[in-house]
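> Let's see this in three dimensions:
(chains A and B)
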Amino acid sequence: AQSVSQHNHHVILSEAASLELGCNYSYGGTVNLFWYVQYPGQHLQLLLKYFSGDPLVKGIKGFEAEFIKSKFSFNLRKPSVQWSDTAEYFCAVNDWMDSSYKLIFGSGTRLLVRP
Amino acid sequence: DTGVSQDPRHKITKRGQNVTFRCDPISEHNRLYWYRQTLGQGPEFLTYFQNEAQLEKSRLLSDRFSAERPKGSFSTLEIQRTEQGDSAMYLCASSSGQEYSPLHFGNGTRLTVT
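Take a look at the predicted model:
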């Protein structure tokens, strides 16, 4: 069964620092990949998604992610974080073979940006 | 897009009681999902509906859990004989029938079993 690993559970950065959050999935078939963000007190929101094509995808608020098929990875990046990026970030995958299109989530990374 | 709404936001119950949660998906979304999230973990898939048909249930889902979506619109999730281990955030999500459409999540119902 598909699974997702997020390597960092907690990350603390200062404003303007660069961010990279790791995500690896377990299954080597054709997958769709997502990053969701959950700001304090809010619901999960889609940050960006990869379905096919250019492996470098850009999302909202200056975030981007790169799909590297050979490494089963989909790392999230942002060149310069802001205090407002403080949130929990979840990587998720669904499998083209899965007709339910359900998402399998990683355990999340809690990001704290210090002003 | 009025978003996915869930009710109640919080539920505190005593062990052994039954609880029921409601989810109203985005209108015209025919796919509806229930997830459970505990502290320090990502959302864990519980069950999935396409219209009124429940097409998939997690093997981890106890038979104390049942979900319905009788008219293909709102859904309910019932937990019978609650246990302390059921304490979690229960999330509902919906998506359109279009291939690869993303899931839209509600704010969740936080269940505390005492």
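> residues contacting residue B:34?
Taking CB atoms under 8 Å, 6 or more residues apart in numbering or on different chains as the contact definition, residue B:34 lies against B:23, B:46-48, B:67, B:75, B:77, B:90-92. For the C-beta atoms, the positions are set from N, CA and C on the backbone; glycine is no exception.
> if we take those, which one ends up nearest to chain A?
Distance to chain A across the contacts of residue B:34 (CB to the nearest CB) is lowest for residue B:48, with 4.6 Å.
> So the closest one, which state does it fall into?
What DSSP: H, G, I helix; E, B strand; the rest coil gives for residue B:48 is strand.
> correct me, but it touches residue B:30?
No. Applying CB atoms under 8 Å, one finds residue B:48 not in contact with residue B:30, separated by 11.2 Å.
> Between those two, point out the one with more neighbours.
residue B:48 (23 against 18; other CB atoms under 10 Å in any protein chain shown).
> ok, for the residue of chain A found nearest chain B, nearest residue in space, not its chain neighbours?
The nearest approach of chain A to chain B comes at residue A:105, 3.4 Å away (CB to the nearest CB). Setting aside the residues directly before and after it, residue A:105 is nearest to residue B:42 in space (CB to CB, 6 or more residues apart in numbering or on different chains), at 3.4 Å.
> what about the one you found, how many residues close to it?
23.
> can you check the one 5 residues further on too?
One way to gauge burial is a neighbour count; for residue B:47, by other CB under 10 Å, it gives 22.
> mind listing what it touches?
Each residue near residue B:47 by CB under 8 Å, 6+ apart is listed here: B:33-34, B:54, B:56-58, B:61, B:65, B:67, B:77.
> of those, closest to residue A:85?
Nearest to residue A:85 out of the contacts of residue B:47 is residue B:33 (CB to CB; 26.7 Å).
> which element is the closest one on?
Residue B:33 belongs to strand B:31-37 when assigned by DSSP states H and E.
> What pairs with that strand, parallel or antiparallel?
strand B:44-50 (antiparallel), strand B:88-95 (antiparallel) (DSSP bridges).
> right, and the helix or strand after the first one?
Beyond strand B:44-50 on the C-terminal side, the first helix or strand identified by DSSP H and E is strand B:53-57.
> How far away from the center of its chain is that next one?
Mean-position distance between strand B:53-57 and its chain equals 13 Å (CA atoms, centre = their mean, to the nearest Å).
> Now residue B:64: closest residue in space that isn't a chain neighbour?
What sits nearest to residue B:64 in space, not counting adjacent residues and going by CB to CB, 6+ apart, is residue B:80, at 4.7 Å.
> what does residue B:25 give?
Among residues not flanking residue B:25 along the chain, residue B:94 sits closest, at 3.2 Å (CB to CB, 6+ apart).
> wait, what's in contact with the one you found?
Taking CB under 8 Å, 6+ apart, we find residue B:94 in contact with B:4, B:23, B:25-26, B:29, B:31-33, B:103-104.
> Can you name the residues bridging to it?
Taking DSSP bridges as the rule, residue B:94 bridges to residue B:32, residue B:104.
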